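Undergrad: Can you look at this prediction? I've put the sequence above it.
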Amino acid sequence: MKARTQSGEVNADFRGSGDVDVETGSSAITLQGVRGGLAVRTQSGRVNVQGAPTRDWKATTGSSNVMFDLEATDGFVVDAVTRSSHIDIKGINVNGSVTKQTVKGTVGNGGPTVMVRTGNGQIHIVR
């Protein structure tokens with residue numbers, strides 16, 4: 001699925017697998033059941049994604065919070081950075097570097113990369 005909007009919120013609930021690519025200018029992105037690749041971008045809308053990263057996931061925001069609620073998988077590589085807020089990791093053991101503003105490392109057996117970049121937003125990654 002591919003969706004673009006300047007000021008409209010994007011909400012989607014997926015069944016099955018496939019890649020998702022969503023971009024908004026100033027609105028929220030809420031995605032449920034993502035099983036595949038993910039690319040989401042927004043300047044000022046919050047990002048909430050639930051699913052299983054079976055391919056690379058990437059979320060980029062200017063000033064918004066990002067929440068990834070991940071289903072159990074064999075593992076993934078996490079690469080999360082916030083410039084001026086904090087990162088909250090729950091239910092995940094990261095083998096690597098974990099600080100207030102940066103988390104980089106392997107979870108489980110590794111696998112797809114789960115990357116998050118935000119300027120002023122909080123990052124929450126839970127399993």
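TA: That came through, no problem. Residues are numbered from 1 along each chain as shown.
Undergrad: going forward, measure contacts between C-alpha atoms and count neighbours the same way
TA: Noted.
Undergrad: Name every strand pairing with the helix or strand of the chain with the lowest mean pLDDT and say which way it goes.
TA: When each helix and strand of the chain is scored by mean pLDDT, DSSP states H and E, strand 2-5 comes last, with a mean of 90. Strand 2-5 pairs in its sheet with strand 20-24 (parallel), by DSSP bridges.
Undergrad: Can you give me the first-to-last residue distance of stretch 57-70?
TA: End-to-end span of stretch 57-70 (Cα to Cα, to the nearest Å): 11 Å.
Undergrad: let me fix that: stretch 104-112
TA: Stretch 104-112 has an end-to-end distance of 13 Å (criterion: Cα to Cα).
Undergrad: what does that stretch contact?
TA: Here stretch 104-112 makes contact (Cα atoms under 8 Å, 6 or more residues apart in numbering) with 53-57, 74-80, 92-98.
Undergrad: Stretch 119-127 too?
TA: So stretch 119-127 is contacted by 61-72, 80, 82-92, 116 (Cα under 8 Å, 6+ apart).
Undergrad: list the buried ones in that stretch?
TA: Using 16 or more other Cα atoms under 10 Å as the test for burial, stretch 119-127 gives 119-125.
Undergrad: which among the residues you listed gets closest to Gly37?
TA: Nearest to Gly37 among the buried residues of stretch 119-127 is Ile125, at 16.7 Å by Cα to Cα.
Undergrad: could you check the distance from Gly111 over to Gln32?
TA: Distance, Gly111 to Gln32, by Cα to Cα: 21 Å.
Undergrad: now stretch 41-61: how far from the chain's centre is it?
TA: Here stretch 41-61 is found 3 Å from its chain centre; the criterion is Cα atoms, centre = their mean, to the nearest Å.
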